[in-house]
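Colleague: Below are the sequence and a predicted model for it; my questions follow.
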Amino acid sequence: MKTPIELKILDGRIGNEFPLPAYATPGSAGMDLRAMLDAPLTVAPGQTVLIPTGIAVHVADPALAAVILPRSGLGHKHGIVLGNLVGLIDSDYQGPLMVSCWNRSDNPFQIEIGDRLAQLVFVPVVQAQFTVVDEFAASDRGEGGFGHSGTK
Ligand SMILES: O=c1ccn([C@H]2C[C@H](O)[C@@H](COP(=O)(O)OP(=O)(O)OP(=O)(O)O)O2)c(=O)[nH]1
Ligand SMILES: [Mg+2]
């Protein structure tokens, strides 16, 4: 069962020349977001550019969020990842979905109009309410962290 999410088309090429974001297979977790550029764009090595996706989504339910993640092929083979590493879309955000595109490679990378650049994943969210305490009940781990258990 899929969850209905409102979407606004901000760029008329989406839904015509380029399809709405969609799950590529029944088991896909993400749907690809396209670079809705006016012209092809070359991202220089080390450069970060903000790319419009041509859509807005209103997640609306505070128990949900969306995350923008890199595509593994672009990230691994071409060093095209996200300037914010992961994009988090708040449930009350109604503005344009933007992709921060970081070329972390040593080579220029050309983005063509409509290229699938990143992916959008909807995730459940639990909002916490803090209870301030002086001491925590003892746990197996305690305060150990940051590799204290070693690697072997
Ligand atoms: O890759 C991203 C990350 C965020 N956003 C939008 C949706 C998100 O709800 C909003 C704010 O993002 P975030 O809270 O991560 O950024 P901020 O720097 O804390 O901005 P703000 O002060 O607006 O919360 O920007 C995007 O379109 N793409
Ligand atoms: Mg914020």
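Modeller: Alright, I've got the coordinates. Ligands and ions are numbered 1, 2, ... in the order given.
Colleague: Determine the longest strand present in the protein.
Modeller: The longest strand of the chain (DSSP state E) is strand 116-124.
Colleague: and that one, which residues are buried?
Modeller: Buried residues in strand 116-124, counted by 16 or more other C-beta atoms under 10 Å: 116, 117, 118, 119, 120, 122. Every C-beta, even on glycine, is put in place using the N, C-alpha and C of the backbone.
Colleague: Format these as CSV; extra columns: distance to ligand 1 and pLDDT.
Modeller: Formatted as CSV, the buried residues of strand 116-124 follow (distance: C-beta to the nearest ligand atom, whole Å; pLDDT from 0 to 100):
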residue, distance to ligand 1, pLDDT
116, 16, 98
117, 11, 98
118, 8, 98
119, 12, 98
120, 10, 99
122, 13, 98
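Colleague: ok, back up a step: run the chain-centre distance for the longest strand of the chain.
Modeller: 5 Å (C-alpha atoms, centre = their mean, to the nearest Å).
Colleague: before we move on, what about stretch 54-62?
Modeller: Centre to centre, stretch against its chain (C-alpha atoms, centre = their mean), the figure for stretch 54-62 is 13 Å.
Colleague: Does that stretch reach ligand 1?
Modeller: No - Stretch 54-62 lies out of reach of ligand 1 by C-beta under 6 Å from any ligand atom, never closer than 8.8 Å.
Colleague: And that stretch, what's buried?
Modeller: For stretch 54-62, the neighbour count (16+ other C-beta under 10 Å) marks 54, 55, 56, 57, 59 as buried.
Colleague: could you check the distance from the residue of the chain found nearest ligand 1 over to residue 102?
Modeller: Residue nearest to ligand 1 within the chain: residue 87 (2.1 Å; C-beta to the nearest ligand atom). The spacing between residue 87 and residue 102, counted by C-beta to C-beta, to the nearest Å, is 12 Å.
Colleague: So what's the predicted local confidence for the residue nearest the centre of the chain?
Modeller: Nearest residue to the geometric centre of the chain (C-alpha atoms, centre = their mean): residue 68, 0.5 Å. The model reports residue 68 with a pLDDT of 99.
Colleague: Fine, thanks again, bye for now.
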